[in-house]
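S.K.: Predicted model follows, preceded by the sequence.
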Amino acid sequence: MASIEQIIDDFAFLDEWEDRYRYVIELGKALPDLPEEKKTAEYKVQGCASQVWLVSHVEDQSSDPVMTFEGDSDAHIVRGLVAIVLAVYSGKHASEIAGTDAIEIFDRIGLVEHLSSQRANGLRSMVKRIRGEASLRAAA
């Protein structure tokens with residue numbers, strides 16, 4: 001999976017929105033499929049027009065654990081957005097995740113302005129859920 005730095009660099013080379021849109025879809029295609037048994041109500045993200053599932057994992061039981069995430073969606077573009085969100089957050093300490101707003105990164109690469117209001121709301125729901133889980137882990 002591409003790092004967030006690689007994704008930001010790639011976006012810098014893509015001038016046309018159509019090319020950026022295709023790139024987001026490609027990122028989604030590269031995202032590993034979430035096993036069917038994890039596509040449950042427990043992991044479903046509320047507030048997304050498409051179906052989105054996010055699964056968080058804690059790598060250790062320290063006071064500031066490293067967290068990793070799996071995700072999936074039934075919509076191609078949203079699956080690409082999930083891939084970018086996971087690139088921002090996965091493999092970081094809970095305190096860093098809680099303090100990082102992926103929406104700022106989406107703004108910086110010019111994605112938010114091109115998303116429908118429903119997709120932008122869904123993106124915010126994903127970010128809020130991940131940061132909320134990280135805040136609980138960092139405080140534990």
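M.R.: Thanks, I have the structure now. Numbering: from 1, shown residues only.
S.K.: only C-alpha atoms for contact and neighbour calcs from this point on.
M.R.: Fine.
S.K.: Tell me the confidence at A140?
M.R.: For A140, the pLDDT comes out at 62.
S.K.: ah, wrong one, I meant R119
M.R.: With respect to pLDDT, R119 scores 88.
S.K.: Show me the strands in this protein, by range?
M.R.: Remark: strands assigned in the chain by DSSP state E are 52-58, 66-73, 92-93.
S.K.: Need the mean per-residue confidence for the second one.
M.R.: Per-residue pLDDT over strand 66-73 has a mean of 96.
S.K.: Which residue lies nearest the spatial centre of this structure?
M.R.: The centre of the chain sits closest to V85, judged by C-alpha atoms, centre = their mean, with a distance of 1.9 Å.
S.K.: check contacts around it.
M.R.: V85 makes contacts with A102, M126, V127, as judged by C-alpha atoms under 8 Å, 6 or more residues apart in numbering.
S.K.: Check H114 too.
M.R.: Counting by C-alpha under 8 Å, 6+ apart, H114 has contacts W17.
S.K.: So it versus W17, what's the distance?
M.R.: For H114, the distance to W17 equals 8 Å [C-alpha to C-alpha, to the nearest Å].
S.K.: longest helix of the chain?
M.R.: helix 117-139 (DSSP state H).
S.K.: buried residues in stretch 119-136?
M.R.: Buried positions in stretch 119-136, judged by neighbour count with 16 or more other C-alpha atoms under 10 Å: 119-120, 122-131, 134-135.
S.K.: Stretch 79-99 too?
M.R.: Those would be 79-98, for stretch 79-99 by 16+ other C-alpha under 10 Å.
S.K.: ok, how many other residues are close to R20?
M.R.: Under the neighbour criterion other C-alpha atoms under 10 Å, R20 is assigned a count of 20.
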